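Undergrad: Sequence and predicted structure below; questions after.
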Amino acid sequence: LFFLSLKEFDKSIADFKKSVQLQPTSAQSYNNLGYAYLTSGDMEKALTNFYKALEIDRNYVNAYVNRAKAFVMSKKYDLAIADYDKAIEIVPNAFLVYYYRADAYVNIKEYDKAISDLTKALEINPKFIFAYSSRGWLYYIQNKNDKALADYNKSISLNSNNGFLYYVRGLLYFNKLNEPEKALVNYNKALELNPKGDKIYENRGWLYYKQNENEKALADYNKAISLNPNDGNTYYKRGMLYFLRKNDAEKALPDYNKALELNPKGYNIYSERGWLYYKQSEDDKALADYNKALSLNPRNAGAYYYRGIFYEIRNEPDKAIEDYSRSIEINPNFLTSYYYRGRAYKKKGEYAKAIDDLTFAIEIDPDDVESYMYRAFLYFLTKDYGKALNDCNRIIKKNPDSYQTYILKSNIYAEKGEYLKAFQSLDKALELKPA
């Protein structure tokens, strides 16, 4: 066991082999040898020894537990669960076995069963911190945010010096509860306790990015990469910052390339690099990246959206509409896909469909001024001047300095023959934006 603790696997295996030779009828000896093989990564030999231990003693709980761990590492989750079941049957109050079985259930996405096991573990041991944090994470992915927060709070009350617990609570505050200030406090505390937490820096950088604090975001991404240069996700996020916030394609492209080198199946990375290529007028490369993103994940709404814009700019509205429609099918609340599909319909002269799409966009976000503006323009083209003016007035209420809206109002009034109002609207536009 001493050599095993030092990860000197060859020496520990040699010692346990001697133990088996000296005690060939000892279940514990075979279990120990199996565990040495397990920790060294040799699943086949590990399982052989666990089976041997259980031949000797059918009620040897440790062998069931360790064999289950080997099954989990071999992705044989049903066999693992069966072994954990047997261990619990022998020792019903073994809280760690419930915890381990929960992990097996998580691997097959049986989250409710996993939560039930973690709850049982906590009934047996109410101070089992890892069960609270694990159950909190399961509540997190199920969007049971109040329960997740309660579990994270409890785990922190039991151990206030664990940086990971503050980190996951920060994720909850930022990603689910929309409380960035509380998230930041938790990320900062996590870094105070764990200054080398690269994922903490990465996620705090994402928080800063979303808050438009770009220099702070960049500093955090740089720090995360210095701590872990093999995490493609951080390069991807830094690439987005360089390109979308700093308009620096020259620095963004190497980051996207590095991210894909580390994560060749990163479909979102291909989507974003495709957008960069598109903006650099490298159309063939852009289209290749969009197609690659969709081959990796055919339900990638963002890639369909980007490719739709690509086709629209190339004056291929039918292909654009098809891609926008696919993105909406995947994500019915994809506001910008409705907006751009409406534009594509307008190019085809299908104004009624275009107006319908802009109306859907407005229903999703009643503050989306661009959708109101484009719908007002469409109402103007279809000579529905009353509705066009209503949309213009809504825009002005939300954005009183929109000179473009006053220009559109001027055109509407002119078409209606209300020339005084047309001149008044034009004067207002010139006041806001002198020629």
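TA: Perfect, I can see it now.
Undergrad: hey, which helix or strand in this structure has the poorest pLDDT?
TA: helix 2-5 (a mean of 42; mean pLDDT, DSSP states H and E).
Undergrad: packing partners for the host helix or strand of Asn153?
TA: Secondary structure assignment for Asn153, by DSSP states H and E: helix 145-158. Counting contacts by 3 or more CB pairs under 8 Å, 6 or more residues apart in numbering; DSSP states H and E, helix 145-158 is packed against helix 129-141, helix 163-171. Every residue, glycine included, has its C-beta placed from N, CA and C.
Undergrad: where's the closest residue to Lys433 other than its chain neighbours relative to Leu430, distance?
TA: Here the nearest residue to Lys433 in space, its sequence neighbours aside, is Tyr403; by CB to CB, 6 or more residues apart in numbering that works out to 3.9 Å. Note on Tyr403: its distance to Leu430, by CB to CB, to the nearest Å, is 8 Å.
Undergrad: Excluding chain neighbours, what is closest to Gly342?
TA: Counting by CB to CB, 6+ apart, the residue nearest Gly342 is Asp357, at 3.5 Å.
Undergrad: Could you pull up the residues touching the one you found?
TA: Tyr338, Tyr339, Arg341, Gly342, Tyr345 (CB atoms under 8 Å, 6 or more residues apart in numbering).
Undergrad: if we go to 10 Å?
TA: 321, 324, 328, 337-346, 350, 371, 374-375, 378 (CB atoms under 10 Å, 6 or more residues apart in numbering).
Undergrad: Tell me which residues are up against the helix holding Asn153.
TA: Helix 145-158 is contacted by residues 115, 118, 122, 126-142, 144, 162, 164-173, 175-177, 182, 186, 189 when judged by CB under 10 Å, 6+ apart.
Undergrad: Give me the buried entries from those.
TA: Neighbour counting by 16 or more other CB atoms under 10 Å classes 115, 118, 122, 128-129, 131-140, 144, 162, 164-173, 176-177, 182, 186, 189 among the contacts of helix 145-158 as buried.
Undergrad: For this protein, give me the ranges with low pLDDT.
TA: Counting by pLDDT under 70, the chain has low-confidence residues at 1-10, 435.
Undergrad: in it, which residue is closest to the centre?
TA: Among the residues of the chain, the one closest to the centroid is Asn175, at 9.1 Å (CA atoms, centre = their mean).
Undergrad: Contact partners for that residue?
TA: Tyr140, Asn145, Ala183, Asn203, Trp206, Leu207.
Undergrad: will you turn the residues you listed into JSON lines that also has distance to Lys409?
TA: JSON lines is the format used below for those (distance: CB to CB, whole Å):
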{"residue": "Tyr140", "distance to Lys409": "48"}
{"residue": "Asn145", "distance to Lys409": "44"}
{"residue": "Ala183", "distance to Lys409": "43"}
{"residue": "Asn203", "distance to Lys409": "46"}
{"residue": "Trp206", "distance to Lys409": "41"}
{"residue": "Leu207", "distance to Lys409": "41"}
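Undergrad: tell me the two of these that are most distant?
TA: Largest separation among the contacts of Asn175 by CB to CB: Asn145 and Trp206, giving 18.7 Å.
Undergrad: okay, those two: which has more neighbours?
TA: Set Asn145 next to Trp206 and count neighbours by other CB atoms under 10 Å: Trp206 wins out with 22 against 15.
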